[in-house]
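K.L.:
can you look at this prediction? I've put the sequence above it.
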Amino acid sequence: MNIPANTIQAVKADTKIHSELKTEFLKRYFRVVHGLFAVLLLIQFLPDKLTTETYVSYVIWFAVGVEIFTLILSGFIKKTASLNLFTDIVGFIYGLLIAWTLATAKFNLLKAALFPPPGKVFWQFISDYDKILVNIQSSVGIILQGYLLALAVAIPLGLFLGWSARLGSAATYISKFLGAIPPIVYIPYGIALLPTFRSVSVFVIFLATFWPVLAGTMSGVMNVEKKTIDSAKVLNVGKFTMMFSVILPASLQQIFIGCNQGLTVSFVLLTSAEMIGAQSGLGYYIKNYSDFGDYTRTIVGLIVVGIVIVIISFIFNSIQKYLLRWKQ
Amino acid sequence: MSKIEINHLTVDYTEKKKSFTALKDVSFSIEEGEFVSVIGSSGCGKSTLLSILEGINTPTDGEILINGEKIKGTGTDRGVVFQHYSLFPWMTARKNVAFGIKQVNHSASRSERYKIADEFLDKVGLEQFKNKYPSQLSGGMQQRVAIARALAMDTDILLMDEPFGAIDAKNRTILQELLLELWENATPRKTVVFVTHDIDESILLSDKIVMMTANPGRVYRELKVPFERPRNRAELVQTKEYNKFRNHLLSLFYSDIADKIGGEEVVL
């Protein structure tokens, strides 16, 4: 029997495409992370050594949920680098859960009072759900208020001080001096001067953000290239346009460095800020329950703070990326 | 009355307690609609001269009159193209041009400004690149945008400081011809002051060449360029007259250097 040459070629090409698709599929879905998922799932069926309730089903449901989410998202992420990043993070979560499950529920290696099994933490999280939501709202509110207020004051002030050469050099030293003082030191003064404890918390975040953003803006303005300013001058721009359409975007990268620093310090200070007589917030939640020795809830609080920080940082980075999209 | 009169301009700089004279008693005038090139070796003060015309620098002595009035700082009657970095990197090509238009025409709406910007970007052949940022454009394209902006601002006077100095030879030729065409076809023609160190460029483009000499910066010669317009490079460079004129310029250019070195041994 004679098979025409082009048919053979077509079949060959077809198998080639087929095998390419297959490797592509394997690359996408056969990853270490899914192996870790299997391990995590299997160890749940080992007998518990811990005598108290371990809420195994909560870990299983959580793991299955994350796995489904991972599989679906794996189909949508196009760039290999992004897919790697994503599966690495999920892999880290699985790894942590494996170690945590084994060390607590399965082998009982750690003090149960301080280290609750993961299932119990998930269970606690779900039963405390509405309380946590309220606390997130309160904390994020304080951070946003203090942070945005600081940006609204520090950026224009930094533009003005950086632009006026004489005030600028004095302001550099003054801001260095004041910025070096940890904002918690101001708390008693805040309590004495401000009407509510909440406003003291906002004030602390404000101060934590204000100095790095001011310093960043000023150094940004002072480092704008003379060529850029000359280009604007010969276009005969007004003072306002010069400030906000030229100097501001030209120093944006440095401003963002200050904003990033401010954000980091704000998170660190959130807990301290909320310890001052606050009745809500994630810092309060953690502090309150650790004072009462409820470490399950303390860990719940720590995890939630971490998640909130990651989400805010992600949003912040997206904004930064968008505003600096012209830079390459 | 000339469009631009430069009267006894002197500029002294002080740097690290040493002062030197960048320009000394420079005087010449430029007529309305005239294309004038200022050429000279580096350090002859041609860029300093232009920066005073732009209004960025102030002279130590002397003055510049535009339409009979002494200039004080920058003005909306002058458009500028620098060698580097005329564009704002955070604005797209279109926004850069529109931003320039806004500074001279406050009453135009945003869509009107964009319309004018698009029109001029078309003229310089960048219709497909108007939404690109400068970092996404080549050096030649960036200078096209800068030229489009200067033209779109529709100022009486154009000041160009070695605008093609950093562009490769092939693109420089293309841009020179583009500028020549845009300038020759406009009515009324704009008054242009064009700083360069490229003799061929100055002959092709200008009506008058002002040759400067260094240490201190002074006007060495003023020469009318004796060629009819519209000019065509390919035809022009083949003529005897062109080569004669070019050699004349070159000999002036180097005799200046020979004078400076002061030796008989410099023979051309």
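P.N.:
Received the coordinates, thanks. Numbering: from 1, shown residues only, chains lettered A, B, ... in the order given.
K.L.:
which residues of the stretch 51-200 of chain B fall in strands?
P.N.:
B:61-66, B:69-70, B:78-81, B:157-161, B:191-196 (DSSP state E, counting those that start in this stretch).
K.L.:
which one of those strands is the most hemmed in?
P.N.:
strand B:78-81 (a mean of 26; mean count of other CB atoms under 10 Å in any protein chain shown). The C-beta positions use only the backbone N, C-alpha and C, and glycine is treated the same way.
K.L.:
packing partners of that strand?
P.N.:
helix A:226-234, helix B:46-54, helix B:139-152, strand B:157-161 (3 or more CB pairs under 8 Å, 6 or more residues apart in numbering or on different chains; DSSP states H and E).
K.L.:
quick check, the residue in the stretch 51-200 of chain A closest to chain B?
P.N.:
residue A:159 (15.4 Å; CB to the nearest CB).
K.L.:
do you know which of the strands of the stretch 51-200 of chain B lies nearest residue B:146?
P.N.:
strand B:78-81 (4.7 Å; CB to CB).
K.L.:
export that closest one to PDB, keeping only CA atoms.
P.N.:
Presented in PDB, the C-alpha positions along strand B:78-81 are these (Å, rounded to 0.1, in the frame of the first residue of the first chain):
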ATOM      1  CA  ARG B  78      10.600  81.400  20.700                       C
ATOM      2  CA  GLY B  79      10.400  77.700  20.300                       C
ATOM      3  CA  VAL B  80      13.400  75.600  21.200                       C
ATOM      4  CA  VAL B  81      14.900  72.200  20.100                       C
END
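K.L.:
what about it, distance to the chain center?
P.N.:
Its chain's C-alpha centre and that of strand B:78-81 lie 8 Å apart, by CA atoms, centre = their mean, to the nearest Å.
K.L.:
quick revisit: export the helices and strands packed on strand B:78-81 as JSON lines, with columns for mean pLDDT and distance to residue B:224.
P.N.:
JSON lines is the format used below for the helices and strands packed on strand B:78-81 (pLDDT from 0 to 100; distance: least, CB to CB, whole Å):
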{"stretch": "helix A:226-234", "mean pLDDT": "91", "distance to residue B:224": "29"}
{"stretch": "helix B:46-54", "mean pLDDT": "93", "distance to residue B:224": "19"}
{"stretch": "helix B:139-152", "mean pLDDT": "92", "distance to residue B:224": "25"}
{"stretch": "strand B:157-161", "mean pLDDT": "95", "distance to residue B:224": "20"}
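K.L.:
as a markdown table, the ones you listed with distance to residue B:67 would be great.
P.N.:
Below are the helices and strands packed on strand B:78-81 laid out as a markdown table (distance: least, CB to CB, whole Å):
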| stretch | distance to residue B:67 |
| --- | --- |
| helix A:226-234 | 18 |
| helix B:46-54 | 14 |
| helix B:139-152 | 19 |
| strand B:157-161 | 10 |
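K.L.:
okay, angle between the helix or strand encompassing the residue of the stretch 51-200 of chain A closest to chain B and helix A:226-234 too, please.
P.N.:
Counting by DSSP states H and E, the element that carries residue A:159 is helix A:129-163. If you take axes from the mean of the first three to the mean of the last three CA atoms, to 10 degrees, helix A:129-163 sits at 80 degrees to helix A:226-234.
K.L.:
list the helices and strands helix A:129-163 packs on?
P.N.:
helix A:165-179, helix A:197-222, helix A:252-275, helix A:282-291, helix A:295-323.
K.L.:
alpha carbons only: can I get the first one in PDB?
P.N.:
In this case it means helix A:165-179. C-alpha atoms of helix A:165-179 as PDB (Å, rounded to 0.1, in the frame of the first residue of the first chain):
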ATOM      1  CA  ALA A 165      17.200  76.000  47.200                       C
ATOM      2  CA  ARG A 166      17.800  77.900  50.400                       C
ATOM      3  CA  LEU A 167      15.000  76.300  52.500                       C
ATOM      4  CA  GLY A 168      15.800  72.900  51.000                       C
ATOM      5  CA  SER A 169      19.200  72.500  52.500                       C
ATOM      6  CA  ALA A 170      18.100  73.400  56.000                       C
ATOM      7  CA  ALA A 171      15.000  71.200  55.700                       C
ATOM      8  CA  THR A 172      17.200  68.200  54.700                       C
ATOM      9  CA  TYR A 173      18.900  68.400  58.100                       C
ATOM     10  CA  ILE A 174      15.800  69.200  60.100                       C
ATOM     11  CA  SER A 175      13.900  66.300  58.500                       C
ATOM     12  CA  LYS A 176      16.900  63.900  59.200                       C
ATOM     13  CA  PHE A 177      16.800  65.000  62.800                       C
ATOM     14  CA  LEU A 178      13.100  64.700  63.300                       C
ATOM     15  CA  GLY A 179      12.800  61.600  61.100                       C
END
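K.L.:
does anything pack onto that helix? Which helices or strands?
P.N.:
Looks like helix A:165-179 contacts helix A:129-163, helix A:197-222 (3+ CB pairs under 8 Å, 6+ apart).
K.L.:
which of those sits most buried?
P.N.:
The highest mean neighbour count among the helices and strands packed on helix A:165-179, using mean count of other CB under 10 Å, belongs to helix A:197-222: a mean of 24.
K.L.:
packing partners of it?
P.N.:
Right, helix A:197-222 is packed against helix A:129-163, helix A:165-179, helix A:187-193, helix A:252-275 by 3+ CB pairs under 8 Å, 6+ apart.
K.L.:
what does chain A put close to chain B?
P.N.:
A:225, A:227-228, A:230-237, A:241, A:245-246, A:249-250, A:252, A:325-328 (CB under 8 Å from any CB of the partner chain).
K.L.:
sketch out the low-pLDDT regions of the chain for me.
P.N.:
All of this refers to chain A. Along chain A, segments meeting pLDDT under 70 span A:1-8, A:10, A:13, A:277.
K.L.:
oops, I was thinking of chain B
P.N.:
Short version for chain B, where the test is pLDDT under 70: B:85, B:257-268.
K.L.:
what strand or helix carries residue B:5?
P.N.:
According to DSSP H and E, residue B:5 maps onto strand B:4-15.
K.L.:
just how off-centre is that strand within its chain?
P.N.:
18 Å.
K.L.:
what comes up buried for it?
P.N.:
B:4, B:5, B:6, B:7, B:9, B:10, B:11 (16 or more other CB atoms under 10 Å in any protein chain shown).
K.L.:
over to stretch B:108-125?
P.N.:
Under 16+ other CB under 10 Å, the buried positions of stretch B:108-125 are B:113, B:114, B:116, B:117, B:118, B:120, B:121, B:123, B:124.
K.L.:
can I get these in JSON lines including distance to chain A?
P.N.:
JSON lines is the format used below for the buried residues of stretch B:108-125 (distance: CB to the nearest CB, whole Å):
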{"residue": "B:113", "distance to chain A": "13"}
{"residue": "B:114", "distance to chain A": "16"}
{"residue": "B:116", "distance to chain A": "15"}
{"residue": "B:117", "distance to chain A": "14"}
{"residue": "B:118", "distance to chain A": "19"}
{"residue": "B:120", "distance to chain A": "15"}
{"residue": "B:121", "distance to chain A": "17"}
{"residue": "B:123", "distance to chain A": "20"}
{"residue": "B:124", "distance to chain A": "18"}
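K.L.:
which of those lies closest to residue A:59?
P.N.:
Of these, the one sitting nearest to residue A:59 (CB to CB) turns out to be residue B:114, at 57.9 Å.
K.L.:
and the nearest residue to that closest one once chain neighbours are set aside, what does it touch?
P.N.:
Closest residue in space to residue B:114, ignoring its immediate chain neighbours: residue B:98 at 5.6 Å, by CB to CB, 6 or more residues apart in numbering or on different chains. Going by CB atoms under 8 Å, 6 or more residues apart in numbering or on different chains, residue B:98 touches B:110, B:113, B:114, B:116, B:117.
K.L.:
would CSV of the residues you listed with distance to residue B:192 be doable?
P.N.:
Listed next are the contacts of residue B:98 as CSV, based on distance: CB to CB, whole Å:
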residue, distance to residue B:192
B:110, 30
B:113, 24
B:114, 26
B:116, 20
B:117, 21
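K.L.:
mind checking which of the residues you listed land in helices?
P.N.:
B:110, B:113, B:114, B:116, B:117 (DSSP state H).
K.L.:
which one of these is nearest residue B:66?
P.N.:
residue B:116 (24.2 Å).
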